[in-house]
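Novice: Have a look; sequence and predicted model below, questions after that.
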Amino acid sequence: MDTEKSSSSSFEDLTNAEDTKDIRKVAAEEAASGDGAPPASVSGDGQKAEEEDAEEECDILGNKQLIKRTIKKAPQDSFRRPIRGELVTVNFTGKLDNGTVVENELNFQCHVGDYEVIQGLDMVLPMLQVGEVSQVSVDSRFGYGSLGLKKEGESEYLVPPDAHLTYEIELLDIKYEEFADLKSFEILRKYGTRKKERANFFYKRSEFTTAIHLYRRALDFLDNRDGDPDSEFDKEDLELSNSDTQTLLEDRLIVYNNLAMTQIKIAAYDAALQSVEHVLRCQPNNSKALYRKGRILEGKADTQGAIKLLQKVATLEPENRAVQSDLARLFIKARREEHNEKEMYQKMLGQAKKMEQNTATRQKQPLVDNSKLKLLGYLMGTILIGVAGVAIYRYKY
């Protein structure tokens, strides 16, 4: 599927992101055994009642922005619905209100909850049963939003901004993927590349949170190293040749580089630093990783550290004018910071001197006050003695 033709402009986290691997496994086992199927409904009116059921509408969010209407019910022996993370195969067609077809996919595969179709469809997938055909009315909020969707390499819109869409979707198959399904190099690279390309699309649309999710999902397939205690599979058992391992490594480093750049965009500098270090541990002279680490250090207010890294990049790529421009900007910024630091130190020194002077003044002040009190005491004592003498004289004479 063309990455331009299945993208959303506003994905909202309306699903539970918890790990559902155990639930998926149980559901797959129940589907295989036939356990857990709901009892067959008894229709009193036969064919007429079945047709009425097929026309039922479901206002999923209660605000008319996402409405599902069943066109064809699933067979009676088909009861399982997909859940987050499972691989589904679907046919779907998307149209504008004027009837223009903007998407048409047959036997399209995607993982539920991985933003590989517009959000409106991603939210409806867990409500479908195998064999079911439904019509889905999607508000632009859960479609392509205010950005719309342009034709690849053109300025003309395929989906105009704020356009309402109507889809007809059929769920063909659900698959819970065991480790055996993910052991081959071809599958790992196929899924990893698909997630990476989808993430690239969201990055171009400045939907950085969604892009970060997809880059991380790409790493789930491209990172063949074990060591994650929460991992669903034991990656040490992967059957990969040396050339396959090298190819996955190169793909993985590209994803880490892109992930770091996306994290920089949302000022997640600590996370971006971890991502870029993954690249530099394997390729110490990777100019993109060095440049992005310089951007990260600048964001963390380490201008001198950023200058050192960009100087190294300039040595590796002497013809890169963008690096030269950034380096000149950082030199100016460093001089400005040095000037500001000097001014700050001078102000601090001046304040310290004033504090010393004020302290000395306060220490002298009590001495003056004490001398005045002593003089006042002497005067009062003399006056009292005089008054007492006069009183004694009058008493006697």
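Specialist: In hand now; what should we look at? Numbers count the residues shown, from 1 in each chain.
Novice: any weak-confidence spans in the stretch 1-150 of the chain?
Specialist: 1-55 (pLDDT under 70).
Novice: go again using 80 as the cut-off
Specialist: For the stretch 1-150 of the chain, residues meeting the criterion pLDDT under 80 lie at 1-56.
Novice: ok, and the closest non-adjacent residue to residue 288?
Specialist: Leaving aside its sequence neighbours, residue 288 sits nearest to residue 257 (C-beta to C-beta, 6 or more residues apart in numbering; 5.3 Å). Yep, even glycine has a C-beta here, placed from its N, CA and C like the rest.
Novice: can you give me the helices in this protein?
Specialist: Assigned by DSSP state H, the chain shows helices spanning 21-33, 47-54, 119-124, 185-204, 208-222, 242-265, 269-282, 287-299, 303-316, 321-396.
Novice: you'd agree residue 176 is up against residue 88?
Specialist: No - the criterion here is C-beta atoms under 8 Å, and residue 176 misses it with residue 88 at 10.7 Å.
Novice: Which neighbouring residues are in contact with the nearest residue to residue 324 once chain neighbours are set aside, exactly?
Specialist: Sequence neighbours aside, residue 314 is the residue nearest to residue 324 in space, at 6.3 Å (criterion: C-beta to C-beta, 6+ apart). Residues near residue 314 by C-beta atoms under 8 Å, 6 or more residues apart in numbering: 320, 323, 324, 327.
Novice: Of these - the most surrounded one?
Specialist: Highest neighbour count within these, by other C-beta atoms under 10 Å: residue 323, with 22 neighbours.
Novice: That residue reaches residue 315, doesn't it?
Specialist: No - Residue 323 lies out of contact with residue 315 (C-beta under 8 Å); the separation is 9.8 Å.
Novice: List the buried residues in stretch 250-265.
Specialist: 251-264 (16 or more other C-beta atoms under 10 Å).
Novice: Specify which member of the residues you listed is nearest to residue 147.
Specialist: Checking these against residue 147 by C-beta to C-beta gives residue 262 as the nearest, at 17.3 Å.
Novice: what's the burial count for residue 282?
Specialist: 14.
Novice: Could you check the pLDDT of it?
Specialist: You'll see residue 282 listed with a pLDDT of 95.
Novice: gap between it and residue 313?
Specialist: Distance of residue 282 to residue 313, computed by C-beta to C-beta, to the nearest Å: 17 Å.
Novice: again, but for residue 246
Specialist: 25 Å.
Novice: If you count surrounding residues, which of those two has more?
Specialist: residue 313 (25 against 11).
Novice: in terms of contact, does the more buried one touch residue 290 like I think?
Specialist: Yes - with contacts defined as C-beta under 8 Å, residue 313 counts as touching residue 290 at a distance of 5.0 Å.
Novice: Quick check: residue 149 touching residue 158?
Specialist: Yes - between residue 149 and residue 158 there is a contact under C-beta under 8 Å: 5.0 Å.
Novice: in the sheet, who's paired with residue 87?
Specialist: Residue 87 has these beta-bridge partners by DSSP bridges: residue 111, residue 175.
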